[in-house]
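K.L.:
Sharing a model that was predicted from the sequence below.
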Amino acid sequence: MGFPLVLELAADRKIPVAVTCRVLGFSRQAFFVWRRNPGSRRDWDNAHLINAALAIHGDEPGFGHRFIADEIEAESGIAASERRVWRLCSQQRIWSRFSKKRGLNRKAGPPVRDDLVQRDFTAQRANQL
């Protein structure tokens, strides 16, 4: 979010807020709403959850998001769903060291048996058997 940049550029009163917002593509109204309350309660709680997840992951890098969610609730008493912990862990790239390998989608091999019936499954036209 570029609102801190607008605040910084407008701090010394050389560049007006309206010009800065117009150049960066923000509305002045959204900037002043952010300036009144720069962080929501949810952002604050998410920051605490991320710090707790990083601490747990630093101790046990083999833990995935499910174990991290259990440990957060057990150690710090913060109640958070597994889905929320998964979202925050994936945003911060906190993954288990023992994650599944991606890209193992292999193509089918040769047929297992010979085609003894000699069936022909090609059609000359559309919607024809």
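P.N.:
Everything's here; your move. Residues are numbered from 1 along each chain as shown.
K.L.:
Do a quick rundown of the strands in the protein.
P.N.:
Read by DSSP state E, the chain holds no strands at all.
K.L.:
Which parts of it belong to which domain?
P.N.:
3-36, 41-91 (automatic domain parsing).
K.L.:
Relative to residue 114, which of these is closest?
P.N.:
Of all the domains of the chain, domain 41-91 sits nearest to residue 114, with 45.4 Å by Cβ to Cβ. Yep, even glycine has a C-beta here, placed from its N, CA and C like the rest.
K.L.:
quick one, helices of this protein?
P.N.:
Listed in chain order, the helices found in the chain under DSSP state H are 3-11, 17-24, 28-36, 41-59, 65-75, 82-91.
K.L.:
Take the ones you listed and write them to a markdown table, including mean pLDDT, distance to residue 126 and mean neighbour count.
P.N.:
Below are the helices of the chain laid out as a markdown table (pLDDT from 0 to 100; distance: least, Cβ to Cβ, whole Å; neighbours: other Cβ atoms under 10 Å):
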| stretch | mean pLDDT | distance to residue 126 | mean neighbour count |
| --- | --- | --- | --- |
| helix 3-11 | 82 | 58 | 15 |
| helix 17-24 | 87 | 55 | 14 |
| helix 28-36 | 88 | 55 | 13 |
| helix 41-59 | 89 | 55 | 14 |
| helix 65-75 | 88 | 49 | 17 |
| helix 82-91 | 92 | 45 | 16 |
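K.L.:
And stretch 53-69, end to end?
P.N.:
One end of stretch 53-69 to the other measures 8 Å (Cα to Cα, to the nearest Å).
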